[in-house]
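J.: give me a model of this one.
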Amino acid sequence: MTFYNRQQSDDRNVQEMQSTLERTLQNVPSLDSLPDIVQGNLIEDVTISSQNPTFVEHKLGRAWKGWIVVNLRQTTPFSGGTPSVVQHDTTAPQNPKDNVPLTIIGPVFPAPIITAKVSIWIF
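T.: Presented below is the predicted three-dimensional model:
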C-alpha cells in the first residue's frame with residue numbers, strides 16, 4: 001500500500017528521502033491487521049436509561065464484537081453510593097451490524113428509574 005505519491009526529482013537528497021520513507025512505511029501494519037479492539041469508534045454523550053434500551057449506532061460497517069464504557073456520568077439523582085452498571089440488553093431486538101442495545105441498572109432492587117450519559121468505545 002502506498003501512502004504517498006513519489007515525486008520525480010533530479011535532486012539526490014529528495015530521492016534518498018523518498019526511498020527511506022518507502023522502507024519505513026513498509027513496516028507500518030495495515031489497518032486490517034490491527035486487533036479488533038483498535039478498530040472501533042468512540043460514541044460520546046449517549047443517554048442510557050434503565051426504563052428502555054438505547055440503540056447505540058456504531059457505524060463500524062460490520063457487526064460489533066465488544067464495547068467499553070470510557071466515561072459514565074449519572075444524570076438522575078441516586079444516593080445508593082454504588083455505581084450503576086451499563087449492560088447489553090439481550091432482550092431487545094438485535095441488529096449487531098448497526099447498533100448495540102444498552103440499558104443501565106442500579107445496585108438496588110427494585111431498581112429506580114435511572115439515566116446516565118456515557119461515552120462508549122465500540123469495536
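J.: contacting residues for Ser119?
T.: Ser119 makes contact with 42-46, 69-71, according to C-beta atoms under 8 Å, 6 or more residues apart in numbering. Heads up, the C-betas are built off the backbone N, CA and C, glycines and all.
J.: so where does it fall, helix or strand?
T.: Using DSSP states H and E, the element containing Ser119 is strand 115-122.
J.: what residues of that strand count as buried?
T.: Of the residues in strand 115-122, 115-116, 118, 120-122 count as buried by neighbour count, 16 or more other C-beta atoms under 10 Å.
J.: state the mean pLDDT of that strand.
T.: Per-residue pLDDT over strand 115-122 has a mean of 93.
J.: where exactly do the helices run in the chain?
T.: Taking DSSP state H to define them, one finds helices in the chain at 12-25.
J.: let me see the domain layout of it.
T.: As assigned by automatic domain parsing, the chain contains the domains 1-31, 41-122.
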